[in-house]
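K.L.:
Fold the following for me, if possible:
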Amino acid sequence: MISFLYTAQSRTGRRLAGRILAAEQAAARAQLESEGLRDIVFEQEQWDAKAHGVMFKSLPNLEVTPDEEVRIRHGGNRSAAWLMLRSHSWALLPLLAWSSWAVFRGRPFDSLDYAGFTLTLGYVAWIAWLSAPVLLYNRLLHAQVWARWDEALKLSRWLRVFHGRAKLAPHAFDYYDAKSLIGKGEIQRGLAQFARWESRSQMPPVMFAGLMAALRHTARDYSGAIKWHRIALELEPNSAQTLVDLALALLRHGDPREAAPLIERAERLEQRPFVRIAMKYASGLLHAFQGRDVEAVSVFSDVALEIAAASGTALGLEWQAEVQGFCAISLARLGHRREAERTWRSVLPMFHANRREDLFARFAEACARTT
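P.N.:
You can find the predicted model right below:
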């Protein structure tokens, strides 16, 4: 049986979180729906928790409710740090009160005062040590999203110090290092670092293909990325994930006409929440490439909101920025220059950081067409 973390809406309209044991996600959904719940989202299916093997258990010996776990997944470092401090408040508050009273009384401090200072600082340092894996991981994701590759490599080295408690999948460290090396321009070295996982039993072949496609995309080898997405689809031809991944790659950098039948096939299959959002995004891109920009803007606007609601992580931020970029392009083609430029400016820093020349060219072409 698998433990599924979910959020859902009750009959009274209240949003709640919980866990349910089931053999598979479809069975879990059916059981929850039989209890009158709707708008069910299985949180562990987020791309940053599933594809990269990230587990909430990075914070050891910490008992949390499902609602608190969801907040940490969506809130990042601040939520994790706040929960960590709150969970240790039973010891931390008396120590802080002890030290504060000593400071209030002023010098000279006696041995008990110094003991209070030492215990307080030691306890805070211990909390920081426990929190380090999840805080470092979130900083690593942000560094990569903003193309700060040297910083990402340093953070990865620090994260390896906590590899026993970080609960990352075995391949994750090599994947993140490979992505950073490729981002720095050391493409062959980065690809070689991750390629050794191809024949290892811990790495499912379809996951290896998907992550290699992501690395090829980072290297701006778009034909190579599409090739690896095709391999993933051959390995799992009845997976909505592999179908949508290939469709998105074709819509971004290949033949959009080939994407339409892939989206249609994916629509007939069961989709996890984020796959459903990705499929909706793919349909918006298809509208845009077919010249139906009014429909595209509507879809992009909905998708951006759905991503923001579903994830507050760095990876969600990166995806949301791309969606808004394509929305700005469609707005420009419709002649809504002011709105297009406002939307474009909101994501411009991330596009500059990641050198998204493809989107810069498309936006300039859309603006020139309506000048």
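K.L.:
what's the domain layout of the chain?
P.N.:
1-44, 272-371 (automatic domain parsing).
K.L.:
will you turn these into a markdown table that also has mean pLDDT and mean neighbour count?
P.N.:
Glycine gets a C-beta too; all of them are placed from N, C-alpha and C. A markdown table is the format used below for those (pLDDT from 0 to 100; neighbours: other CB atoms under 10 Å):
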| stretch | mean pLDDT | mean neighbour count |
| --- | --- | --- |
| domain 1-44 | 81 | 15 |
| domain 272-371 | 91 | 19 |
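K.L.:
Tell me which of these sits nearest to Ser201.
P.N.:
Among the domains of the chain, the nearest to Ser201 by CB to CB is domain 1-44 (21.0 Å).
K.L.:
Just give me how far that closest one sits from the chain centre.
P.N.:
Domain 1-44 sits 21 Å away from the centroid of its parent chain (CA atoms, centre = their mean, to the nearest Å).
K.L.:
One more: stretch 271-285?
P.N.:
Worked out by CA atoms, centre = their mean, stretch 271-285 lies 15 Å from the chain centre.
K.L.:
Stretch 156-172 now?
P.N.:
17 Å.
K.L.:
Over to stretch 329-342?
P.N.:
28 Å.
K.L.:
now the end-to-end length of that stretch.
P.N.:
11 Å (CA to CA, to the nearest Å).
K.L.:
returning to what we had before: could I get the domains of the chain as JSON lines with distance to Gln188?
P.N.:
Shown next, in JSON lines, are the domains of the chain (distance: least, CB to CB, whole Å):
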{"stretch": "domain 1-44", "distance to Gln188": "35"}
{"stretch": "domain 272-371", "distance to Gln188": "19"}
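K.L.:
between those domains, which gets nearest to Val134?
P.N.:
domain 272-371 (11.7 Å).
K.L.:
circling back: quick check: which of the domains of the chain is nearest to Ala213?
P.N.:
Taking these one by one with CB to CB, domain 272-371 is closest: 13.8 Å.
K.L.:
Tell me where the stretch 251-371 of the chain has strands.
P.N.:
In order along the chain, the stretch 251-371 of the chain carries no strands (DSSP state E, counting those that start in this stretch).
K.L.:
about what we covered before: looking at the domains of the chain, which is closest to Asp110?
P.N.:
Of all the domains of the chain, domain 272-371 comes closest under CB to CB, at 46.8 Å.
K.L.:
helices or strands up against the top helix by length along the chain?
P.N.:
For the chain, the longest helix by residue count, based on DSSP state H, is helix 111-145. Applying 3 or more CB pairs under 8 Å, 6 or more residues apart in numbering; DSSP states H and E, one finds that helix 111-145 contacts helix 77-87, helix 89-105, helix 149-161, helix 163-166, helix 172-184, helix 314-333.
K.L.:
quick one: average confidence on that helix?
P.N.:
For helix 111-145, the mean pLDDT works out to 86.
K.L.:
dump the residue contacts of the closest residue to Leu269 other than its chain neighbours.
P.N.:
Distances taken as CB to CB, 6 or more residues apart in numbering place Ala240 nearest to Leu269, at 4.3 Å, with adjacent residues excluded. For Ala240, the contact set (CB atoms under 8 Å, 6 or more residues apart in numbering) comprises Ala266, Leu269, Glu270, Gln271, Arg272, Val275, Met279.
K.L.:
Next up, the contacts around the first one.
P.N.:
With contacts defined as CB under 8 Å, 6+ apart, Ala266 is in contact with Ala240, Leu243, Val244, Ala247, Val275, Met279.
K.L.:
Can you read off the backbone torsions of the spatially most distant residue from the centre of the chain?
P.N.:
Distance from the C-alpha centroid of the chain, by CA atoms, centre = their mean, peaks at Pro108 (51.8 Å). Main-chain dihedrals, Pro108, degrees, to the nearest 10: phi -80, psi 140.
K.L.:
Figure out how far stretch 110-121 is from the centre of its chain.
P.N.:
For stretch 110-121, the distance to the chain centre is 42 Å (CA atoms, centre = their mean).
K.L.:
whoops, I mixed them up, stretch 253-262
P.N.:
That offset, for stretch 253-262, works out to 25 Å (CA atoms, centre = their mean).
K.L.:
repeat for stretch 88-101
P.N.:
With CA atoms, centre = their mean, you get 36 Å for stretch 88-101.
K.L.:
So, low pLDDT: which residues of the stretch 51-200 of the chain?
P.N.:
Scanning the stretch 51-200 of the chain for pLDDT under 70 picks out the ranges 51-84, 163-167.
K.L.:
80 instead?
P.N.:
Within the stretch 51-200 of the chain, the stretches falling below the threshold (pLDDT under 80) are 51-90, 127-132, 134-135, 162-170.
K.L.:
outside of stretch 102-115, which residues touch it?
P.N.:
Ser99, Gly116, Phe117.
K.L.:
if you set the cut-off to 6 Å instead, what comes out?
P.N.:
Gly116 (CB atoms under 6 Å, 6 or more residues apart in numbering).
K.L.:
repeat for stretch 141-150
P.N.:
Glu151, Ala152, Leu155, Ser180, Gly183, Lys184, Ala314, Glu318, Ala353, Asn354.
K.L.:
May I see the buried residues of it?
P.N.:
Leu141, His142, Ala143, Gln144, Val145, Trp146, Ala147, Arg148, Trp149 (16 or more other CB atoms under 10 Å).
K.L.:
With distance to Pro170 as added columns, please give these in a markdown table.
P.N.:
What follows is those, written out as a markdown table (distance: CB to CB, whole Å):
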| residue | distance to Pro170 |
| --- | --- |
| Leu141 | 18 |
| His142 | 23 |
| Ala143 | 21 |
| Gln144 | 19 |
| Val145 | 23 |
| Trp146 | 26 |
| Ala147 | 26 |
| Arg148 | 25 |
| Trp149 | 22 |
